[in-house]
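**Q** this one's structure only:
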């Protein structure tokens, strides 16, 4: 099965920043695939406004043309709050031959010591920290057990956010070039994010 990157998020909606992050992780850590994991209920922010089935469908539309990307809906099946340790433990049981890497933005790397059961998690996965060229990180502040499991990958700066996209859609403003056309088509067909 190889080296698998895991990219969790609400993906409400998925946009080019998410896809670029996955590609940066593939290049930076020599991954064989990236699995997108839509959360049911994230532990650190409000729940998504769009249901899991629709967010999964948008992800599938966004990655349909890339054989290195796939959607893993383990957290949607489980429901409840989505903790990384629970997801990784279940995925390792299902795929014991895979080597897993959890992909995080540079802003989340410094927060890793606060993650639930982080010591146990670092024994099960490595982390890929996506670093913007203009924002170098200071890994010296991390405990050694995390630092030793951290790979850095360069992420080109891209100022796209799902929050901004939802606002633009509510206001009837264009979102072309912010997210893939199949995702825009899905949003329009299903009347998502309207005011």
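**A** That came through fine. Being a predicted model, the structure only gives us computed values, none of them experimental.

**Q** tell me how far the lowest-mean-pLDDT helix or strand in the chain is from the chain's mean position?
**A** Ranking every helix and strand in the chain by mean pLDDT, DSSP states H and E puts helix 106-109 at the bottom, with a mean of 86. Between the centre of helix 106-109 and the centre of its chain there are 13 Å (C-alpha atoms, centre = their mean, to the nearest Å).

**Q** contacting residues for residue 37?
**A** 6, 7, 8, 9, 72, 73, 74, 75, 87 (C-beta atoms under 8 Å, 6 or more residues apart in numbering). C-beta: built from backbone N, CA, C; applies to glycine.

**Q** mind listing what's buried along the helix or strand that the least confident helix or strand of the chain is followed by?
**A** Proceeding N to C from helix 106-109, the next assigned helix or strand is helix 118-124, under DSSP states H and E. If you call a residue buried by 16 or more other C-beta atoms under 10 Å, then helix 118-124 has these buried ones: 118, 121, 122, 124.

**Q** go on, stretch 164-181?
**A** If you call a residue buried by 16+ other C-beta under 10 Å, then stretch 164-181 has these buried ones: 165, 166, 169, 175, 178, 179, 180.

**Q** and those residues as CSV, adding distance to residue 188?
**A** Converted to CSV, these look like this (distance: C-beta to C-beta, whole Å):
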residue, distance to residue 188
165, 13
166, 14
169, 9
175, 10
178, 14
179, 12
180, 13
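
**Q** SS state for residue 103?
**A** When classified by DSSP: H, G, I helix; E, B strand; the rest coil, residue 103 comes out as strand.

**Q** my guess is it contacts residue 3, does it?
**A** No: in terms of C-beta atoms under 8 Å, residue 103 does not count as a neighbour of residue 3; the distance is 11.9 Å.

**Q** which one's more surrounded, the two?
**A** With neighbours defined as other C-beta atoms under 10 Å, residue 103 and residue 3 compare such that residue 103 has more, 29 against 16.

**Q** beta partners of that one?
**A** Here residue 103 sits in beta bridges with residue 128, going by DSSP bridges.

**Q** residue contacts, it?
**A** 5, 6, 7, 21, 22, 25, 34, 127, 128, 130.

**Q** list the contacts of the lengthiest helix in the chain.
**A** For the chain, the longest helix by residue count, based on DSSP state H, is helix 16-29. Residues from elsewhere that reach helix 16-29 (C-beta under 8 Å, 6+ apart): 3, 5, 7, 9, 11, 31, 34, 36, 62-63, 66, 68-69, 101, 103, 105, 126, 128, 130, 151-156, 158, 160-161, 177-180.

**Q** residue ranges with poor pLDDT in the chain?
**A** Where the chain drops to pLDDT under 70, the residues are 44-46, 135-136.

**Q** from the contacts of residue 103, which is closest to residue 91?
**A** Closest to residue 91 out of the contacts of residue 103 is residue 6 (7.3 Å), distances taken as C-beta to C-beta.

**Q** can you flag which of the buried residues of stretch 164-181 belong to helices?
**A** Residues of the buried residues of stretch 164-181 located in helices (DSSP H): 165, 166, 169.
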